[in-house]
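S.K.: When you get a sec, could you give me coordinates for this:
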Amino acid sequence: MSGRTACGYIVAGDVRREAGAFADGFLETVMCASPGPDGEPCGACDGCRRVRGHVHPDVHFLSPEKKSRVISAEAMRSGLLAAVSSTSFCGGWQAGVVKWADCLNEASSNAFLKTLEEPPPDTLFLLLTDKPENLLPTIVSRCQRVDAGRPGAGLSGGDAEPVLAALSADGGDGPLARAAAAVRVCAALETLKERAEGEIREETGRLAAESGIETGKDEYDALVSARYREYRRDLLVTMETWYRDIAAVKCGGPDAPLKNAAFRDTIAARAAALSAANCFANVEAVEALAVSFERNLPEAMAVSAAFDRISTGSRAGGAQ
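M.R.: Now for the predicted structure:
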């Protein structure tokens with residue numbers, strides 16, 4: 001790799017999407033055996049292919065170990081630092097990739113910091129996180145930050161349809177309509193959960209077939225949980241943008257720019273029937289739902305409680 005490379009990079013963005021894609025591209029550049037005239041990876045050599053397949057022997061990954069979503073000091077020392085301190089298999093760079101680096105606790109952060117301050121030669125670290133503000137300030141000060149993309153862009157296409165259908169349904173503002181909306185959103189969450197498990201099953205199976213590395217149950221469960229949490233966050237963003245759109249029309253008029261422009265007529269009708277205070281209270285209800293999820297409260301209960309707080313402004317069935 002040409003030029004000077006920093007030892008540590010904080011890659012801020014969606015870990016599975018933008019931040020992960022940036023890390024793969026960056027590592028291809030570092031590990032490529034036949035770079036182009038401007039240092040770009042060739043994409044065809046063993047180094048590039050192994051990086052893309054996440055099977056490069058000199059690229060070492062560390063993720064939260066269990067459903068507690070914590071990276072322990074022992075995992076940091078034995079799972080990453082020991083690996084990057086060993087002799088490079090290919091005779092070049094060694095790379096350590098910490099996924100969801102905001103899950104480092106104080107002990108593991110301090111263990112990592114010691115190596116970051118005096119890294120082995122030809123070693124770099126990529127800290128992937130959608131919550132860079134949760135990293136230890138001393139780690140942040142020793143790393144170069146790269147903003148790979150805005151995390152939590154929301155659901156799209158067929159994934160968004162059932163959620164938007166639940167939010168836009170004109171079933172009234174009474175308890176039955178609220179309960180129906182909650183049920184539909186919970187069903188969407190179950191679909192996302194099944195997708196997360198299916199994806200991780202496929203990915204770990206491919207890893208085992210290509211490299212012989214078997215994924216332990218705790219790690220497998222943690223991967224499924226992490227993937228599902230990302231999908232769930234996207235669902236929350238979809239909900240929040242819906243209610244922010246209503247608030248935007250209420251405060252900015254019918255021509256306000258909308259994320260869900262295809263629903264402009266429905267959004268305008270809701271805005272007309274709600275007060276500005278109602279509009280912002282709805283946004284706050286979704287934000288409170290996100291907090292409930294992070295506290296691991298039962299999802300169905302949390303979703304139901306959120307819709308109990310939300311005013312639709314729909315007149316069908318009578319206002320409450």
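
S.K.: Next one: residue 139 from residue 131, what distance?
M.R.: From residue 139 across to residue 131, the span is 13 Å (C-beta to C-beta, to the nearest Å). C-beta here means a position set from N, CA and C on the backbone, and glycine is covered the same way.

S.K.: more neighbours, those two?
M.R.: residue 139 (21 against 13; other C-beta atoms under 10 Å).

S.K.: Surely that one is in a strand?
M.R.: No - the assignment for residue 139, made by DSSP: H, G, I helix; E, B strand; the rest coil, is helix rather than a strand.

S.K.: can you give me the strands for this structure?
M.R.: Using DSSP state E, the strands of the chain run over 8-12, 59-62, 94-99, 123-129, 144-147.

S.K.: what would the ones you listed look like in CSV with mean neighbour count, distance to residue 48 and mean pLDDT?
M.R.: Shown next, in CSV, are those (neighbours: other C-beta atoms under 10 Å; distance: least, C-beta to C-beta, whole Å; pLDDT from 0 to 100):
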stretch, mean neighbour count, distance to residue 48, mean pLDDT
strand 8-12, 24, 19, 90
strand 59-62, 21, 12, 94
strand 94-99, 25, 14, 94
strand 123-129, 24, 17, 93
strand 144-147, 14, 20, 83
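
S.K.: what's around the spatially closest residue to residue 248 that is not a sequence neighbour, how many residues?
M.R.: Leaving aside its sequence neighbours, residue 248 sits nearest to residue 256 (C-beta to C-beta, 6 or more residues apart in numbering; 4.2 Å). By other C-beta under 10 Å, 17 other residues sit near residue 256.

S.K.: shouldn't residue 256 be in contact with residue 247?
M.R.: No - contact between residue 256 and residue 247 fails when scored by C-beta atoms under 8 Å: they sit 9.2 Å apart.

S.K.: now the strands of the chain as TSV including distance to residue 183?
M.R.: Below are the strands of the chain laid out as TSV (distance: least, C-beta to C-beta, whole Å):
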stretch	distance to residue 183
strand 8-12	36
strand 59-62	38
strand 94-99	33
strand 123-129	34
strand 144-147	38
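
S.K.: thinking again about what came up before, might you report the residue contacts of the residue nearest to residue 248?
M.R.: 245, 248-249 (C-beta atoms under 8 Å, 6 or more residues apart in numbering).

S.K.: Sort out for me which of those are in helices.
M.R.: 245, 248-249 (DSSP state H).

S.K.: Most neighbours out of these, which is it?
M.R.: residue 245 (25 neighbours).

S.K.: List the strands paired with the worst-scoring helix or strand of the chain on mean pLDDT, with their directions.
M.R.: The weakest-scoring helix or strand in the chain, judged by mean pLDDT, DSSP states H and E, is strand 144-147 (a mean of 83). According to DSSP bridges, strand 144-147 forms sheet pairs with strand 8-12 (parallel).

S.K.: contacts for stretch 258-269?
M.R.: 154, 164, 168, 170, 241-242, 244-246, 248-249, 254, 313.

S.K.: From one end of that stretch to the other, what's the distance?
M.R.: Counting by C-alpha to C-alpha, to the nearest Å, you get 14 Å between the two ends of stretch 258-269.

S.K.: likewise stretch 39-54?
M.R.: 21 Å.

S.K.: how far out from the middle of the chain is it?
M.R.: 25 Å (C-alpha atoms, centre = their mean, to the nearest Å).
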